[in-house]
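Undergrad: Got a sequence here, can you model it:
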Amino acid sequence: MTSVVETNHARVMLVDDLPQRSARVEEKLIQDGFEVISILPSAAGLLFQIEQLKPDIILIDLQSPGRDVLDSLSVINDHNPTPVVMFSEEEDPDFIKDAVDAGVTAYMMGGVDTEKVKPVIDVAMAQFKSYQSLRQKLDTTRTQLESLSVIDKAKRLLMDQQGISEDSAHKVLRNLSMDSNQSLPQAAKAVVQILNKNS
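TA: Prediction:
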């Protein structure tokens, strides 16, 4: 009776220019319960493949990953963030920094060690999740600060141009927000645009 491996783990895209090594890595990944959805012999067409297959994680092990690989990863990181583990012999600190800036979640010196590939993936995915959560919080905080800034600007303009108190200016904005069925920042933005034109 053959044992069935449960594929309840991440969907992996493997980019490896050595067929024998990629075969060993694929075998180990499948044993560990991962689903290997694609094996690419180079980074050519990487963006297209990721868009089509939407992997949960990308493993890259290339003899000499070039800048074109980093450019592709940077685009992915901007538009479709995906955890990436890069195995490389490249020791240049500038390249490593550029790789991390391009969205590489974990940069591992040397080639893939099949025995350690699962823990590396697990750590990379946990780090990625934590980073994305932090990124989302920063985006939310930035939006909140921008909202507070435009509300404050609108209040100051109302106070200066209509000679009213801060409390009265806030009430004007709140009433405008309710009457126009807009959020307070949207109403404040409209007030800033109108009062700046009139000034």
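
Undergrad: Could you point out the helix or strand that follows the top helix by length along the chain?
TA: Counting by DSSP state H, the longest helix found in the chain is helix 117-162. Later in the chain than helix 117-162, the nearest helix or strand by DSSP states H and E is helix 166-179.

Undergrad: what angle separates that next one from helix 117-162?
TA: Interaxial angle, helix 166-179 versus helix 117-162 (axes from the mean of the first three to the mean of the last three C-alpha atoms, to 10 degrees): 110 degrees.

Undergrad: Tell me which other helices or strands helix 166-179 touches.
TA: helix 117-162, helix 184-198 (3 or more C-beta pairs under 8 Å, 6 or more residues apart in numbering; DSSP states H and E). All C-beta atoms are positioned from the backbone trio N, CA, C, and that covers glycine.

Undergrad: okay, those helices, which one's buried deepest?
TA: helix 184-198 (a mean of 16; mean count of other C-beta atoms under 10 Å).

Undergrad: how about that helix as PDB, C-alpha atoms only?
TA: Extracted in PDB, the C-alpha atoms of helix 184-198 (Å, rounded to 0.1, in the frame of the first residue of the first chain):
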ATOM      1  CA  LEU A 184     -14.600  63.500   8.000                       C
ATOM      2  CA  PRO A 185     -11.300  63.500   6.100                       C
ATOM      3  CA  GLN A 186     -13.100  63.700   2.700                       C
ATOM      4  CA  ALA A 187     -15.200  66.600   3.900                       C
ATOM      5  CA  ALA A 188     -12.100  68.300   5.200                       C
ATOM      6  CA  LYS A 189     -10.300  67.900   1.900                       C
ATOM      7  CA  ALA A 190     -13.200  69.500   0.100                       C
ATOM      8  CA  VAL A 191     -13.200  72.400   2.500                       C
ATOM      9  CA  VAL A 192      -9.400  72.900   2.000                       C
ATOM     10  CA  GLN A 193      -9.900  72.900  -1.800                       C
ATOM     11  CA  ILE A 194     -12.800  75.400  -1.600                       C
ATOM     12  CA  LEU A 195     -11.200  77.800   0.900                       C
ATOM     13  CA  ASN A 196      -7.800  77.700  -0.800                       C
ATOM     14  CA  LYS A 197      -9.500  78.800  -4.000                       C
ATOM     15  CA  ASN A 198     -11.300  81.600  -2.200                       C
END
